[in-house]
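> what shape does this take:
(chains A and B)
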Amino acid sequence: MVASVKVPNSARGSLTSSVPAEQMTEIARLFEHRRGGYSLEAPFYTDPAVFRLDVQAIFGQHWVFAASVAELPEPGDFVTVDYGPYSVIVLRNDDGGVNVMHNVCRHRGARVLTESSGTTGNLVCGYHSWTYSPEGNLIHASAPGETSFDKSCFGLKRAHGREHAGLIFVCLADEPPTDFDETAEIFEPYLAPHDLAKTKVAYQQNIIEEGNWKLVMENNRECYHCDGHPELACSLFPTWGLTDGLIPAHLEEVWERNKKAQDALIDRCRRYDLPHGVVEELDTRVAGIRIARDSLDGDGESFSSDGHRLSKKLLGDLRDFRLGRCSMHLQPNSWFHFLSDHVVTFAVFPVNEHQTLVRTTWLVADDAVAGVDYDLEKLTHTWKQTNLQDKAFVELCQAGANSPAYEPGPYMKSEYQVEAFINWYVQRVREHLA
Amino acid sequence: MITSTTISRAEPQRIRGLEMPWNRVLSSTAGPAGAARALGPWHPQEFLAECVETVPESGGMMTFIFRRVDGAPLAFRPGQYLNIAFPVNGEDQDSLNRSYSLSSSPTEPWTFNVTVKRDPTGVVSPWVHENVGPGTVLEMLGPVGAFHLPDADRRARYLLLAAGAGITPIMSMVRTIHSLPGQADVIVLYHGTAPGSFAFFKELGYIASVDSRVKVFYSLGNRREPEGWEGLNGRLTASMIDQVAPDANGRKVYACGPASYLNNAAEFLGSLGVDDTSIHMEFFSGDHQTRMEYRAEVALAEDIAEEIADSPEEYYESQPAAFGLYEPGYDSQGTLEAAGLQLESVDANPPLPEPPARESDTESGTGFLDTSTFGTVGTGSLTLSFIRTGINVRIHPDEQILEAARHAGIKIGANCQEGMCGSCKIVKLSGEVEMNHQGGIRSREIDAGKFLPCCSTARTDLVIDA
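Residues are numbered from 1 along each chain as shown, chains lettered A, B, ... in the order given. Predicted coordinates for the structure are as follows:
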């Protein structure tokens, strides 16, 4: 199901226009001279002008993960997502497609929808009751005495929206990047068997991390720090990202177990005709992606202390609980874990240069009953704890970037995906500035 | 002359899982239909049944085909059993009660089968084999037991394990699934002592040959493999389960047989990752505690049956709605039912919220509260009762409800007044309106009793939560 509407959006003001030319030159120089293999210079994490450029070049130009179909299953259901200065309405329309609109009233600019999610017929601004259809057309504005008021000129600004395998993406650019179709073709066969359309939201967590959005993404792209995740380490092999020859002595036993579990998982994937191989194009395409199905420790089923399932209802038409985790990273703002019994989606929405909203959503089969088929506390425990630990790590780095003593350090071999993310980011901004 | 007719066909509906026919009937009618009442196996009853035929089975078993003396069909779930009184010591002496699994399918409810293995050392089974035949009438209680397939299951992937006479309830399940459409996936692993000891061997082979959903594996429990044997050999092991059902951990397991066999099965299934809650077992033999549990189950069934016999009307009223195939809760009925509690049900027509209680809340025609004590304003053939405001407004059928309400001093916020913005949305507790909205309200909201008074007229008297 794809709903994509092309609407010229050229009237938007330039976000960086307020940055003095001299400063802009300095920022462009930073991007031009970024030292590969090393973390970024401090201004990338601390400078409001760089943040404005990030919003313009990255979040204003690329496909951004907004929500899953489980969050807006029926016509009229909506979510609003805010990033940087933007607020965007994502609404399930009557045709089953997705409408994406800027959450800015065309009268005096008020936020039209103030809830983060809900259901609505038309969209009514709370200020002067300007009323828009689900397509964004202005259909009612009381106008006593007005003679030349043309409602058709004041529809909500539309943006692009599309849905692939139950994931909804939005793009604010006039001309969205064109290679997203290819990326979707890569991930759809991996995700489709989990049938997100037949899931429901079991829990959603929003946390604000006191750190730049890039630090949040960087932290997620490596498991070098996974010693800091005791709950996650029960099921996720901490050898993730390592290969033969890179295994430290204390992880050799785990590595052997990991290889054995991976072989068993591949057998199962072949039996059920599930794709499992690694596709890694984090910085070799505009819609960067990494996806693979990896084994889990213990029973190999889910993110629990013994690897056993956390929900007793299998997703979709999956036949087996022991399917490890199908994990996907998408540039610029999301990662996902698709398991046999539940799905966890992570969306990153920058607030400003030093604050980021991380939204984690746990999905279970829509016929799973809380307290019977799953225990909400147990379902969410591992990633709630892991998110808090990651928040602390990100905040340590932000604090460091603020220090005059900070200078970029080298990424280790096991952090090659962090380098790929940064490389992707730098390339995209350079292209934008060119 | 050749003419052709195009028959337009609806989009083919894929039946995703398994659903029992009584469930379908109940979910497609406003109130329980008569047939579904008779066939819905919610509660046990006591009844008389007449044997109409006997069929010898291999393995020393005999199938007895019965029909109810009162002519009613027998309602049960595949896997359940009957408790039957056998006058082993003559008609004047106390009968001996025994429980036997039903082996037939409830989708052929006009007759039903129990299959009895002759135990040469037993008191009852040899008597049954020798004395029960066409014309024999027996007192029965049932259906009993929580060991049965779910009424609706969109996944419907099963591993059915049977040893010896443990095949009887499993046979009922296989026959039921075979008789129904749907996307089930069934693996039967059936243990016997010798090649000739497998009851229903031919029928199972036939079903497996014509029904791609069903696979049947046989294994001999002893170590000596006779010549020509093409099945498996050896007692149940974890690797044997894994061999026949490598996706066992994603299946619901139903297992029936002797206690030692079932205890082993539980251990092996656990080691293969099958969750305890996915394993259902019926013991054909057992220790003292198991026997006591079955006795308690039968005693509870007897109590319920008596209660129903005392007040059949109340019993039918209390029958739940069908379990939605895609709704939660449909397969959790076993324990609730065994406890004699009303089953968790999905109510297709949830009651509207109760209006706030009032002093004048007494019996009235509206069923909510007494609106006859309200003051009445306006003229017209229909009455709008605003229960929060406590006023009746007389209205003509062509009058806008919002306008009439406002004239009567009822505060309802409204902006566009053209059915677009939805700001005047209110709830009606009874009655019908004619609404010409322009997108200001969703069909889900209308289903929940909401309407937009700005673009609505009254068709009947209305009770409004405003």
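> strands of the stretch 251-400 of chain A, start to end?
Taking DSSP state E, counting those that start in this stretch as the criterion, the stretch 251-400 of chain A contains strands spanning A:279-281, A:289-294, A:325-330, A:334-338, A:342-352, A:355-365.
> which helix is the longest one in chain B?
Selection of the longest helix in chain B by residue count, based on DSSP state H, yields helix B:288-310.
> quick check: residues of the stretch 101-250 of chain A near chain B?
Residues of the stretch 101-250 of chain A lying near chain B by C-beta under 8 Å from any C-beta of the partner chain: A:119, A:120, A:121, A:122, A:124, A:129, A:131, A:133, A:134, A:139, A:140, A:142. All C-beta atoms are positioned from the backbone trio N, CA, C, and that covers glycine.
> try it again at 7 Å.
Counting by C-beta under 7 Å from any C-beta of the partner chain, the residues of the stretch 101-250 of chain A lying close to chain B are A:119, A:121, A:122, A:124, A:129, A:131, A:133, A:139, A:140.
> quick check: bridge partners of the first one?
Looking back up the chat, that one is residue A:119. Here residue A:119 sits in beta bridges with residue A:77, as judged by DSSP bridges.
> buried residues, the longest helix of chain B. List them.
Along helix B:288-310, the positions that meet the burial threshold by neighbour count (16 or more other C-beta atoms under 10 Å in any protein chain shown) are B:294, B:297, B:298, B:300, B:301, B:302, B:304, B:305, B:308.
> over to stretch B:100-113?
Of all the residues in stretch B:100-113, those buried under the rule 16+ other C-beta under 10 Å are B:100, B:101, B:102, B:103, B:104, B:105, B:106, B:107, B:109, B:111, B:112, B:113.
> and the most far-flung residue of chain A relative to its centre, what element?
Relative to the average C-alpha location in chain A, and by C-alpha atoms, centre = their mean, no residue lies farther out than residue A:145, which sits at 47.4 Å. With secondary structure defined by DSSP states H and E, residue A:145 is part of neither a helix nor a strand.
> count the neighbours of residue 158 for me.
Just so you know, I chose chain A. For residue A:158, the tally of surrounding residues (other C-beta atoms under 10 Å in any protein chain shown) stands at 18.
> my bad, the chain I had in mind was chain B
In terms of burial, residue B:158 registers 25 neighbours under the definition other C-beta under 10 Å.
> can you check residue A:317 too?
Using other C-beta under 10 Å, the number of residues around residue A:317 comes to 18.
> so which of the buried residues of stretch B:100-113 sit within strands?
Among those, the subset assigned to strands under DSSP state E consists of B:100, B:101, B:112, B:113.
> dump these to CSV, plus distance to chain A.
What follows is these, written out as CSV (distance: C-beta to the nearest C-beta, whole Å):
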residue, distance to chain A
B:100, 32
B:101, 26
B:112, 31
B:113, 32
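> now, which of the residues you listed sits nearest residue B:132?
Nearest to residue B:132 out of these is residue B:100 (C-beta to C-beta; 11.1 Å).
> next one: that closest one, what pLDDT does it get?
Confidence per residue is given as pLDDT, and for residue B:100 that number is 94.
> do residue A:149 as well
At residue A:149, the predicted lDDT confidence score is 86.
> thinking residue B:126 is in contact with residue B:117, fair?
No: between residue B:126 and residue B:117 there is no contact, the gap being 10.6 Å when judged by C-beta atoms under 7 Å.
> do you know how far residue A:418 is from residue A:280?
As for residue A:418, its distance to residue A:280 is 13 Å (criterion: C-beta to C-beta, to the nearest Å).
> settle it for me: which of the two has more neighbours?
Looking at residue A:418 and residue A:280 with other C-beta under 10 Å, you find the greater number of neighbours at residue A:418, namely 22 against 16.
> which of the helices or strands spans that one?
helix A:416-433.
> and the pLDDT for the residue nearest to residue B:390 when sequence neighbours are not counted?
Counting by C-beta to C-beta, 6 or more residues apart in numbering or on different chains, the nearest residue to residue B:390 once its immediate chain neighbours are dropped is residue B:374, at 5.3 Å. Listed pLDDT for residue B:374 reads 85.
> ok, now residue B:407?
Turning to residue B:407, the model gives it a pLDDT of 87.
> what's the distance between the closest residue to residue B:458 other than its chain neighbours and residue B:293?
Using C-beta to C-beta, 6+ apart and skipping the chain neighbours, the partner closest in space to residue B:458 is residue B:382 (4.8 Å). Relative to residue B:293, residue B:382 is positioned 61 Å away (criterion: C-beta to C-beta).
> kindly report the same for residue A:315.
According to C-beta to C-beta, residue A:315 and residue B:293 sit 35 Å apart.
> can you list the strands of the stretch 251-400 of chain A in CSV and add distance to residue A:169 and mean pLDDT?
Rendered in CSV, the data for the strands of the stretch 251-400 of chain A read as follows (distance: least, C-beta to C-beta, whole Å; pLDDT from 0 to 100):
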stretch, distance to residue A:169, mean pLDDT
strand A:279-281, 17, 97
strand A:289-294, 12, 97
strand A:325-330, 9, 98
strand A:334-338, 9, 98
strand A:342-352, 10, 98
strand A:355-365, 15, 97
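> how about those strands in CSV, adding distance to chain B?
What follows is the strands of the stretch 251-400 of chain A, written out as CSV (distance: least, C-beta to the nearest C-beta, whole Å):
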stretch, distance to chain B
strand A:279-281, 26
strand A:289-294, 16
strand A:325-330, 16
strand A:334-338, 16
strand A:342-352, 14
strand A:355-365, 9
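> near chain A, which residues of chain B?
Proximity of chain B to chain A is assessed by C-beta under 7 Å from any C-beta, with B:154-155, B:157, B:246-247, B:249-250, B:273, B:275, B:277, B:326-329, B:332, B:415-416, B:418, B:420-423, B:439-442, B:444 identified as the residues in range.
> show me the contacts for the residue most central in space within chain A.
Compute the mean C-alpha point of chain A, and by C-alpha atoms, centre = their mean the closest residue is residue A:334, 2.2 Å away. Listed by C-beta atoms under 7 Å, 6 or more residues apart in numbering or on different chains, the contact partners of residue A:334 are A:65, A:346, A:347, A:348.
> who in the stretch 301-434 of chain A is up against chain B?
Within the stretch 301-434 of chain A, the residues that sit near chain B (C-beta under 7 Å from any C-beta) are A:309, A:312, A:314, A:318, A:319, A:320, A:321, A:322, A:367, A:368, A:369, A:372.
> okay, the first one: pLDDT?
This means residue A:309. You'll see residue A:309 listed with a pLDDT of 96.
> give me the neighbour count for it.
Residues contacting residue A:309 under the criterion other C-beta under 10 Å number 24.
> equivalent analysis for the fifth one, please.
If you count neighbours by other C-beta under 10 Å, residue A:319 ends up with 23.
> run through the bridge partners of the nearest residue to residue A:199 once chain neighbours are set aside.
Spatially, and ignoring its direct neighbours in sequence, residue A:199 is nearest to residue A:363 (4.1 Å; C-beta to C-beta, 6+ apart). According to DSSP bridges, residue A:201, residue A:343 are recorded as the beta-bridge partners of residue A:363.
> can you check residue B:458 too?
On the basis of DSSP bridges, residue B:458 takes part in beta bridges with residue B:433.
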